[in-house]
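Chemist: I would like the atomic coordinates for the input below:
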Amino acid sequence: MSFLETRLLGVRYGGIRAVRDIDIKVEEGETVALIGANGAGKSSMLNAIAGVLPHTGKIYFNNADLTNKPVFDRVKLGISMVPEGRGVFGRLTVEENLLMGAYLGNSQQDQDADLKQMYEFFPRLKERRGQTGGTLSGGEQQMLAIARALMSRPKLLLLDEPSMGLAPIMVEKIFEVIRGVSKTGVTILLVEQNARLALESSERAYVMESGELSITGESSELLHSPKIRSSYLGEGD
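Modeler: A predicted model of the protein is given here:
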């Protein structure tokens, strides 16, 4: 069994089937991208894996069946998610936001070590450690959301549209950090509207269309696929 595996995973919103019986596999240490047009079901897929949305089918993670487990148990097993829209606690300081990511009860020594590492990853957060989250720029809030997720020491990091609404220079910085996190051994499942950036930052990718998988393969190969270049990279006729 793969590190993360879904079998016939489905998500419904009333009568609408947002995700249709999808099987994916992610191996330990991989970065896998999930790309597709808006409304394809990518975020619904991620939210189902995180336990935020009810689903049909099966989800297995690190040899555990997650199917009926609540969000809290999934976090305890090592799954952490950075949601679309960041979800920063606007009235808490940067440091208080980060410590919320360690709420499972890491020792004070571990929390101090993790805070130090997050401030090394994101020097700008260290500069603003006493500033409230709601006063940060969009890029700074995205940094904070990623750092907060990492404070739980995840084995699997779910990233939902990390570049959304950010200036190009900030997008570059965010993906530099994502690649750095991958090098530490954290497994990453990435949903990203910028298909080129997603494929350049991952080993494998799945393409979703209307709630179903249409294409799978090595990211380097998909970058040169005429269909992908035409449909998602803006290079076709």
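Chemist: same for the lengthiest helix in the chain, what does it pack against?
Modeler: Using DSSP state H, we find that the single longest helix of the chain is helix 168-183. Applying 3 or more C-beta pairs under 8 Å, 6 or more residues apart in numbering; DSSP states H and E, one finds that helix 168-183 contacts helix 108-121, helix 138-150, strand 187-191. Any C-beta I mention is one placed from the backbone N, CA and C, and that applies to glycine too.
Chemist: roughly how far is it from the heart of the chain?
Modeler: 13 Å (C-alpha atoms, centre = their mean, to the nearest Å).
Chemist: Which of the helices and strands packed on helix 168-183 sits closest to residue 173?
Modeler: Distance to residue 173, taken as C-beta to C-beta, is lowest for helix 138-150 among those, at 7.2 Å.
Chemist: give me the number of residues near residue 133?
Modeler: Look at residue 133: counted by other C-beta atoms under 10 Å, it has 23 neighbours.
Chemist: Contacts only, for it.
Modeler: Residues in contact with residue 133 (C-beta atoms under 8 Å, 6 or more residues apart in numbering) are 88, 89, 90, 91, 92, 93, 94, 97, 141, 144.
Chemist: Go ahead and confirm the third one touches residue 134.
Modeler: Yes: counting by C-beta atoms under 8 Å, a contact exists between residue 90 and residue 134, whose distance comes to 2.9 Å.
Chemist: In stretch 36-53, which of the residues would be classed as buried?
Modeler: Using 16 or more other C-beta atoms under 10 Å as the burial criterion, the residues of stretch 36-53 that qualify are 36, 40-53.
Chemist: Just among the contacts of residue 133, which is most surrounded?
Modeler: residue 94 leads these on contacts (other C-beta under 10 Å) with 30 neighbours.
Chemist: residue contacts, that one?
Modeler: Contact analysis of residue 94 by C-beta under 8 Å, 6+ apart lists 125, 128, 129, 130, 131, 132, 133, 136, 144.
Chemist: On the pLDDT front, check the residue nearest in space to the middle of the chain for me.
Modeler: Nearest to the mean C-alpha position of the chain, by C-alpha atoms, centre = their mean, lies residue 159 at 1.3 Å. On pLDDT, residue 159 comes in at 97.
Chemist: residue ranges with poor pLDDT in this structure?
Modeler: 105, 236-237 (pLDDT under 70).
Chemist: mind checking how far residue 77 is from residue 20?
Modeler: According to C-beta to C-beta, to the nearest Å, residue 77 stands 26 Å off from residue 20.
Chemist: now do residue 213
Modeler: The gap separating residue 213 from residue 20 is 9 Å, by C-beta to C-beta.
Chemist: who has more neighbours, those two?
Modeler: Neighbour count, other C-beta under 10 Å: between residue 213 and residue 20, residue 213 has more, with 20 against 16.
Chemist: pretty sure that one is in a strand, no?
Modeler: Yes: per DSSP: H, G, I helix; E, B strand; the rest coil, residue 213 lies within a strand segment.
Chemist: Any idea what it is bridged to?
Modeler: Legend: beta-bridge partners of residue 213 under DSSP bridges are residue 208.
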